[in-house]
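Chemist: Give the three-dimensional model of this entry:
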Amino acid sequence: MTIQRPRLAAFTRRALLGAALGLALAGCGSPAGHAPAPKPELHVMTSGGFTAAYNELRPGFERASGRAVKTAYGASMGNAADSIPSRLARQEPADVVILARPALDALVAQGQVRAGSQVDLVRSSIGFAVRKGAPKPDISSVEALKRTLLAAPSIAYSASASGTYYETELLKKLGLEAQVKPKSRRILSERVGSVVARGDAALGLQQVSELLPIEGIDYLGPLPAEVQQVTVFSAGIATASTQPEAARELIRYLNSPASAPTIAKTGLEPLASR
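Modeler: Prediction:
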């Protein structure tokens with residue numbers, strides 16, 4: 001069909017107006033018609049004790065803040081290549097670090113974490129596990145625990161807070177260091193529960209929150225109260241952080257009463273509710 005010249009001019013004007021309106025609508029709510037720039041990523045380093053809770057809470061923070069969070073995982077202490085102190089020493093990017101409070105305070109003293117930024121998040125207890133389906137030894141009392149440790153052919157413990165307590169204090173308290181330490185193995189860069197699940201150790205000891213998520217093991221319970229060591233896991237802002245306000249926002253979110261039920265179901269005691 002041939003369009004006459006006056007009708008063609010009107011058609012062209014309408015098309016141009018429609019295109020302009022479309023461009024205007026596309027640019028609504030943003031300067032100069034451009035989409036809002038994405039917020040910078042927030043970098044977090046977290047140790048195993050808080051990992052299960054953190055992994056459940058992180059998506060909610062990302063949705064609420066509109067900010068992506070990139071995470072690195074590692075032990076609170078020690079010189080393993082993926083430990084948090086080693087990562088910070090290599091100057092890996094970090095805005096928030098979450099780890100055992102004594103290790104966090106050591107990082108403050110070293111100038112790696114901002115003094116005064118520390119916030120206590122949870123209390124964490126130590127427990128034991130065996131391979132799924134294996135006989136479940138008794139650890140309900142100090143005497144029962146002693147018998148279980150003496151009878152176990154092999155024991156795995158972590159290279160972080162719970163393992164440090166086991167190898168430097170617990171065995172001495174129980175008077176079993178000479179008999180039990182030689183058959184105990186310190187696990188680097190892996191969950192103790194995974195080692196037990198494979199059958200590479202008959203008995204495993206670690207923070208309860210690190211044992212519970214592991215498939216292929218049976219959780220026995222916590223250490224008896226008389227020899228239990230509770231570790232506080234805390235968050236702080238890395239000295240090198242380029243976005244400390246966003247870091248504070250994340251720490252407030254993790255420490256909020258609304259986050260407490262999620263934290264509690266991972267085997268930790270949230271401190272926000274205290």
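Chemist: got any ranges where the stretch 151-274 of the chain has weak pLDDT?
Modeler: In the predicted model of the stretch 151-274 of the chain, residues 273-274 satisfy pLDDT under 70.
Chemist: so where do the helices sit in it?
Modeler: 161-165, 171-174, 177-180, 192-197, 208-211, 244-254, 260-264 (DSSP state H, counting those that start in this stretch).
Chemist: Tell me which of those sits nearest to residue 38.
Modeler: Judged by C-beta to C-beta, the one of the helices of the stretch 151-274 of the chain that comes nearest to residue 38 is helix 244-254, at 12.9 Å. Heads up, the C-betas are built off the backbone N, CA and C, glycines and all.
Chemist: Who are the packing partners of that closest one?
Modeler: strand 42-46, helix 48-65, strand 96-100, strand 231-237 (3 or more C-beta pairs under 8 Å, 6 or more residues apart in numbering; DSSP states H and E).
Chemist: run the last query once more with 6 Å
Modeler: The contact analysis (3 or more C-beta pairs under 6 Å, 6 or more residues apart in numbering; DSSP states H and E) places helix 244-254 against strand 231-237.
Chemist: Can you list the strands that the strand it packs on pairs with?
Modeler: Sheet pairing of strand 231-237 (DSSP bridges) gives strand 96-100 (antiparallel), strand 119-124 (antiparallel).
Chemist: what's the closest of these to residue 260?
Modeler: Of the strands paired with strand 231-237, nearest to residue 260 by C-beta to C-beta is strand 119-124, at 9.3 Å.
Chemist: in that closest one, what counts as buried?
Modeler: Neighbour counts using 16 or more other C-beta atoms under 10 Å place 119, 121, 122, 124 of strand 119-124 among the buried residues.
Chemist: Now do the helix or strand following it, average pLDDT.
Modeler: In the C-terminal direction, the helix or strand that comes right after strand 119-124 (DSSP states H and E) is strand 126-131. Per-residue pLDDT over strand 126-131 has a mean of 98.
Chemist: quick one: pLDDT of the residue most central in space within the chain?
Modeler: Within the chain, the residue whose C-alpha comes closest to the C-alpha centroid is residue 51; the distance, by C-alpha atoms, centre = their mean, is 2.7 Å. On pLDDT, residue 51 comes in at 96.
Chemist: Check the one 3 residues further on too.
Modeler: Residue 54 is assigned a pLDDT of 97 by the prediction.
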